[in-house]
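Asks: Okay, here's the prediction I keep looking at, along with the sequence it came from:
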Amino acid sequence: MFFAFWGSMIIGGVTAYFAEKWDFTHHGTLQAIIIALGGVFLLFMARVMFGISFGSHGVNAIIGALGALILIPSEAIARKRRNKR
């Protein structure tokens with residue numbers, strides 16, 4: 001289980017990096033990685049404590065990372081950045 005946790009965190013970080021690189025979100029790379037790792041951690045704990053799962057640990061990591069990145073209002077953050085210029 002130890003390796004599954006760290007593997008999930010790495011997959012979540014990579015997912016967040018690519019979400020930023022491909023302009024899926026507009027948080028900034030470091031912020032997106034932190035947000036995604038939080039989502040991965042929450043979904044991993046839900047799997048351990050309650051058995052809630054979407055499949056393997058890797059699939060759960062991708063869903064948790066993207067879910068957290070979508071829930072944060074990325075367009076509002078992008079609008080604030082545009083208005084500051």
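Replies: Received it, and whenever you're ready, just let me know what you need. Numbering: from 1, shown residues only.

Asks: For Asp23, what is the enclosing helix or strand?
Replies: Assigned by DSSP states H and E, Asp23 falls within no helix or strand.

Asks: Please enumerate the helices of the chain.
Replies: Listed in chain order, the helices of the chain (DSSP state H) span 2-21, 29-50, 57-71, 74-84.

Asks: The third one to helix 2-21, inter-axis angle?
Replies: I take that to be helix 57-71. 40 degrees (axes from the mean of the first three to the mean of the last three CA atoms, to 10 degrees).

Asks: Alpha carbons only: can I get the helix or strand bottoming out on mean pLDDT in the chain in CSV?
Replies: Ranked by mean pLDDT, DSSP states H and E, the weakest helix or strand in the chain is helix 74-84, scoring a mean of 74. What follows is helix 74-84 as a C-alpha-only set of coordinates in CSV (Å, rounded to 0.1, in the frame of the first residue of the first chain):
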residue,chain,number,x,y,z
SER,A,74,-9.8,28.1,-13.1
GLU,A,75,-11.6,30.6,-15.3
ALA,A,76,-12.1,33.0,-12.4
ILE,A,77,-8.4,32.8,-11.6
ALA,A,78,-7.5,33.4,-15.3
ARG,A,79,-9.9,36.4,-15.4
LYS,A,80,-8.2,37.9,-12.3
ARG,A,81,-4.8,37.6,-14.0
ARG,A,82,-6.0,39.2,-17.2
ASN,A,83,-7.5,42.1,-15.3
LYS,A,84,-4.3,42.8,-13.3
